[in-house]
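Undergrad: Using only what follows, build the 3D model:
(one chain, ligands or ions: 1)
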Amino acid sequence: MILASLFGLNSLIVLVTSLVILYFYLTRNFKYWSSRGIDGPKPIVGFGTLYQIFFKPLTDVNTENFKKYGKIYGTFLGTKPVLMIADPELTKEMNIKDFHLFVNRNDFVTGDSLNDRSMFNLMDDEWKNMRSIISPTFSSGKMKAMHPIIVDCTQRLEEYLEKKAVTGEEVEMKKIMGNLTMDVIASCAFGTKIDTHNDEKRSDFILNAQKVFRGNWRVWAFFLFMTTFPKLVRWTGFTFNDPTVVKFFRTAITSIIRRRKSESESGGKKRDYLQLMINAQNKSEDKAADEQEIDDLNEEIFGKTDPTEALKFNKMQTEISEDDILATSFIFFVAGYETTATLLSLLFYSLAVDPKCQQKLYEEVKRFDGNFSYENISKMPYLEACVAETLRLYNPISAVGRMASEEYKIGDTGLTIPKGMLVNFDVQTLHHNPDYYPDPDRWDPERFMPENRDQLVPYTYMPFGMGPRNCVGMRFALMEAKTAAAHLVNKFIFKKTAKTTVPPKLKKFEFLLTTEPLITAIEKRH
Ligand code: HEM
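TA: Numbers count the residues shown, from 1 in each chain. Coordinates of the predicted model:
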């Protein structure tokens, strides 16, 4: 009665009818999984099963769902059914053998070129084209050429840490490793120096890069709206990224590209990513005569990065536009910053918490007598094991997604998924399943030592994803982490203090694994 007198009867009828229609629209798929006998968390209107991330970190959500529903279960992103898979054989089958049917991650086209032209979101031949241009820029030869730049960045961090060791101040790992990572990206991708180790003023690059993921409601809202009202999203121009962040990076990157192009015309020669992309645009040869391939990547653990076979396709088009350069440069900040900073901070945190492992690593590193060349950092098995174990226990990305390009029968489960279905491969659950990794919550680098590697269960380890669409920056991230660890462990001892939280506390609502502050102390070795 009160509502009727407030709105008028006709308006009230329209309102109620609209709400009923909206309700049916939002819940129309909610029987999708149960009608096919697939278990999973119960969806709620407006969110599907995404509401779970309001209450727990995403990692716990995946682990608990797996415990309740098993290796294959159904979820809902808004209204869209999404299949979760934590089975190694199926993961291999769909990401490697049947990759041609799962080339794309999604079809979330927004109309914003920074999003749509990024390698992460490109589809089919456009992705293959871009990947075949970008992959060679991450070759071992290119990594070796870039290694001195990373050593310079590590030395800048060393100088900063030396001061902290003298004053005895505690350090927050996420902050200092984030600073290092941003210094590395700016130097390697753009040949630009940023003053990142400055306690007085935080760099705008860091402040903006952090806004991409940390505590960002837009990320989740984007997925919800995109799956529920895709046309509305395109019409309103709502994107994954905060417009102020996009504006900052668009302006910064465009001005760096302009400057670089004019330097190139006047004979300047740089060897960072931006130059490699500009060369690709100009179709100029960028393989230096002295560039040799080095056996640096342990493919047995991490997989391959050069999916040459999968990239064979009909229309090879090597054009790379200004928008492509901008989108690819932006994705370096987006994909390379938080992930690598998380790896580095949790690696040093783990060493601080486990002094025996830290000592073992120090002894390995010391044998190289300060010569941490690119070749030498590939010859340190314990260092590699520490990095691999950190990425297992604290995988920065909890699941990787693919979209079926045709109707597909899922192994011998009896389930057939339609074209367009989104599938998430549950990295978190594979990495923490006690059947594959006994005592899974313990940081134990021994698991990845050469003498124990035969006990690893194939296709249960995928911090960088799996198959031809895995992380193109994997080699770069590993090189950065190993270089920083060799240099810093050789010079400093990282120590647990009363403020070090063990185990680290994870934040909820985050898209990537995000911890509360990781405090440690630092002492200089003599
Ligand atoms: C520890 C650091 C990193 C982790 C854990 C990580 C993890 C991942 C994962 C899980 C994927 C999805 C793979 C898949 O779908 O199978 C991915 C994709 C990607 N990553 Fe990384 N990443 C890291 C560092 C980097 C860096 C440093 C860069 C760039 C310099 C980078 C650039 C990319 C790009 C461009 C893609 C999309 C590849 C494609 O679609 O072809 N990542 N990464």
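
Undergrad: Helices of the stretch 401-526 of the chain, start to end?
TA: 427-432, 474-491 (DSSP state H, counting those that start in this stretch).

Undergrad: of those helices, which approaches the ligand most closely?
TA: helix 474-491 (3.6 Å; CB to the nearest ligand atom). No exception for glycine: its C-beta is placed from N, CA and C like everyone else's.

Undergrad: Ramachandran angles for the nearest residue to Asp39 once chain neighbours are set aside?
TA: Spatially, and ignoring its direct neighbours in sequence, Asp39 is nearest to Tyr69 (4.4 Å; CB to CB, 6 or more residues apart in numbering). Backbone torsions for Tyr69, taken as degrees, to the nearest 10, come to phi -120, psi -10.

Undergrad: Flag the shaky bits of the stretch 101-250 of the chain, pLDDT-wise.
TA: Nowhere does the stretch 101-250 of the chain drop to pLDDT under 70.

Undergrad: Show me which residues of it are close to the ligand?
TA: For the stretch 101-250 of the chain, the residues in contact with the ligand (CB under 6 Å from any ligand atom) are 119-120, 131.

Undergrad: Adding secondary structure and neighbour count as columns, could you present those residues in CSV?
TA: As requested, those are exported to CSV (DSSP: H, G, I helix; E, B strand; the rest coil; neighbours: other CB atoms under 10 Å):
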residue, secondary structure, neighbour count
Met119, coil, 21
Phe120, coil, 16
Arg131, helix, 18
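
Undergrad: Which single one of these is nearest to Lys193?
TA: Met119 (25.8 Å; CB to CB).

Undergrad: Run a quick neighbour tally on the closest residue to that closest one other than its chain neighbours.
TA: Leaving out its chain neighbours, the residue that sits closest to Met119 by CB to CB, 6+ apart is Met130, at 5.2 Å. Met130: 20 surrounding residues under other CB atoms under 10 Å.

Undergrad: Look up phi and psi at Thr413.
TA: Dihedral angles (degrees, to the nearest 10) for Thr413: phi -80, psi -10.

Undergrad: If you could redo that for Tyr32, that was the one I meant.
TA: According to degrees, to the nearest 10, Tyr32 has phi -50, psi -50.

Undergrad: where's it relative to Asp204, distance?
TA: 45 Å (CB to CB, to the nearest Å).

Undergrad: Do I have it right that the residue nearest to Asp39 meets Gly37?
TA: No - using CB atoms under 8 Å, Tyr69 makes no contact with Gly37, being 12.0 Å away.

Undergrad: which residues does Leu157 contact?
TA: With contact taken as CB atoms under 8 Å, 6 or more residues apart in numbering, Leu157 is in contact with 176, 179-180, 183, 197, 484, 488.

Undergrad: about what we covered before: compare neighbour counts for Tyr69 and Gly37 and give me the winner.
TA: The neighbour comparison of Tyr69 against Gly37 (other CB under 10 Å) goes to Tyr69, with 18 against 10.

Undergrad: re earlier: Tyr32 and Asp204: who's more crowded?
TA: Using other CB under 10 Å, the more surrounded residue of Tyr32 and Asp204 is Tyr32, with 17 against 11.

Undergrad: Retrieve the pLDDT associated with that one.
TA: Confidence at Tyr32, expressed as pLDDT, is 97.

Undergrad: For the spatially closest residue to Glu93 that is not a sequence neighbour, grab the count of nearby residues.
TA: Closest residue to Glu93 apart from its sequence neighbours, by CB to CB, 6+ apart: Gly411 at 6.5 Å. Applying other CB under 10 Å, we find 13 other residues in the vicinity of Gly411.

Undergrad: What of the one 5 residues further on?
TA: A count of nearby residues for Thr416, using other CB under 10 Å, gives 12.

Undergrad: what is it paired to in the beta sheet?
TA: The partner list for Thr416 in beta bridges (DSSP bridges) reads Lys409.

Undergrad: ok, now how distant is it from Ala484?
TA: Thr416 is 47 Å from Ala484, by CB to CB.

Undergrad: and if you look at Asn424?
TA: Distance from Asn424 to Ala484, by CB to CB: 31 Å.

Undergrad: cool, Phe54 as well?
TA: As judged by CB to CB, Phe54 and Ala484 stand 35 Å apart.

Undergrad: One more: Ile493?
TA: For Ile493, the distance to Ala484 equals 15 Å [CB to CB].

Undergrad: Just checking, which helix or strand of the protein averages the lowest pLDDT?
TA: Within the chain, confidence by mean pLDDT, DSSP states H and E is lowest for helix 2-7 among all helices and strands, at a mean of 66.

Undergrad: Now the element after it, going C-ward?
TA: Beyond helix 2-7 on the C-terminal side, the first helix or strand identified by DSSP states H and E is helix 9-27.

Undergrad: Tell me which other helices or strands that following helix touches.
TA: helix 2-7 (3 or more CB pairs under 8 Å, 6 or more residues apart in numbering; DSSP states H and E).

Undergrad: residues touching the residue nearest to Met119, list them.
TA: 119, 122, 320, 324, 328.

Undergrad: What is the nearest of these to the ligand?
TA: The closest of these to the ligand turns out to be Met119 (CB to the nearest ligand atom; 4.4 Å).

Undergrad: Tell me where the stretch 1-150 of the chain has helices.
TA: For the stretch 1-150 of the chain, the helices defined by DSSP H, counting those that start in this stretch cover 2-7, 9-27, 58-69, 88-92, 113-116, 124-134, 140-167.
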